[in-house]
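Asks: Give me a model of this one.
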Amino acid sequence: MGSSPAGHCARRVIAYSPRFLDHAPSPLHVERPDRLRAVVARLRSEGLFEDVAEPEPAALEDVRRVHTQEYLDAFRSPPEGFLDPETAIDADTFEIARLAAGAVLGAARASVRDGRPGVALVRPPGHHAGPGYGGGFCYLNSVAIAAADQAALGRRVAILDYDAHHGNGTRDIFAEDPRVLYVSTHEFGIYPGTGPAEDVGEGEGRGFTVNVPFRAGSGDASYGLAFDRVIEPIVRAFRPDVVLVSLGIDAHYRDPLTFPRPSSPGYVDLVGRSADLASGVCGSRLVIAMEGGYHLGALAEVWAGVVGRLRGTRVRADLTEDMDRAGRGAAAVDAAARALSPYWNLR
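Replies: Below is the predicted model of the structure:
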């Protein structure tokens, strides 16, 4: 069987359940079921919605590795309520969030076992959920639960968080843990207001938290620069056993909530390069999990492009405008490199 650098011709499993569509915070909420419907519809139209695996809910003992029992009790007990003004709870929320966590957890276990990438098309998202809190549309931190499971088995885990918003929950869970490398590219100064370049972790985890805090207008060139100067060299030096990608498409130039400016091809290239990196450092033990993204067309074509690249197929994109040829985010990359240079060999 022929292969590209990441072994893309082997079949890749998609973790997905129609149950994820039942999570509906309110009819007009931006994190609505249509997000996932759009992605699945585009994958079907491209012939890419194949090898789909129905997930199992995450076991409570797996969830408790990253969330406190007090938070879980408070989250489960009310039949309805709010974690914050935009993060509503109803009678089904906890179980659907457990199913999303189980999808990422199961995909990571399968990827480690089989040595091939996996994709987890899930909602609700998770990276704003921390040890004792939720918010920002997030309830259980699915990627963190999968990472903690792998770390408990003695494996090093790299989390690459490509979302317009800083994953404060993931950061707080692993800030002191040298087994987990957390890398975030995000727009600085918007919700949740965390993630400066100078935050490199705490205690034994210093150097294992990496923040690239872009300003508005940072697009394809800026993300490429961050990958070349910070992300790739640190991941290679860390030598993870598995790579987990928290993929939010809300930095896209068509997204209504934020102001970085990557294009669809820029996103696909960033994730594709991450897949190639995982191929080299950990034998393609890689899972890409869905986080944010609120423009349906951008969300659908980027995810189709990502799945297509993993499967050796090029997917046509329409949202291709390059709005950052000058690399407006270079200062953020420089700041990240300065902050991390005491811990890693960065040029």
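Asks: Tell me which stretches of the stretch 101-250 of the chain form helices.
Replies: Ranges of helices within the stretch 101-250 of the chain are 142-152, 168-174, 220-226, 232-238, based on DSSP state H, counting those that start in this stretch.
Asks: and Pro196, backbone torsions?
Replies: Recorded main-chain torsions at Pro196 are phi -70, psi 160, according to degrees, to the nearest 10.
Asks: Retrieve the pLDDT associated with it.
Replies: With respect to pLDDT, Pro196 has a value of 98.
Asks: one step back: would a markdown table of the helices of the stretch 101-250 of the chain with distance to Phe214 be doable?
Replies: Just so you know, the C-beta spots here come from the backbone N, C-alpha and C atoms, and that holds for glycine as well. A markdown table is the format used below for these (distance: least, CB to CB, whole Å):
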| stretch | distance to Phe214 |
| --- | --- |
| helix 142-152 | 21 |
| helix 168-174 | 16 |
| helix 220-226 | 6 |
| helix 232-238 | 17 |
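Asks: Tell me which of those helices sits nearest to Ile96.
Replies: Smallest distance to Ile96 across the helices of the stretch 101-250 of the chain (CB to CB): 11.2 Å, for helix 142-152.
Asks: packing partners for the closest one?
Replies: helix 60-63, helix 93-114, strand 157-162, helix 168-174, strand 180-187, strand 242-247, strand 286-290 (3 or more CB pairs under 8 Å, 6 or more residues apart in numbering; DSSP states H and E).
Asks: And the helices of the stretch 101-250 of the chain: which comes nearest Phe82?
Replies: With CB to CB as the yardstick, what comes closest out of these is helix 168-174 (16.8 Å).
Asks: average pLDDT for that closest one?
Replies: Mean predicted confidence for helix 168-174 is 98.
Asks: Tabulate the CA atom coordinates of it in PDB.
Replies: Output of helix 168-174 as PDB, limited to C-alpha atoms (Å, rounded to 0.1, in the frame of the first residue of the first chain):
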ATOM      1  CA  ASN A 168      -8.100  27.800  30.000                       C
ATOM      2  CA  GLY A 169      -9.600  24.600  31.300                       C
ATOM      3  CA  THR A 170      -7.000  22.400  29.700                       C
ATOM      4  CA  ARG A 171      -4.200  24.700  30.800                       C
ATOM      5  CA  ASP A 172      -5.400  24.600  34.500                       C
ATOM      6  CA  ILE A 173      -5.800  20.800  34.500                       C
ATOM      7  CA  PHE A 174      -2.200  20.200  33.300                       C
END
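Asks: got any ranges where this protein has weak pLDDT?
Replies: Residue ranges of the chain with pLDDT under 70: 1-12.
Asks: center of it, which residue is that?
Replies: Here the mean C-alpha position of the chain is nearest to the C-alpha of Ser246 (CA atoms, centre = their mean), at a distance of 0.5 Å.
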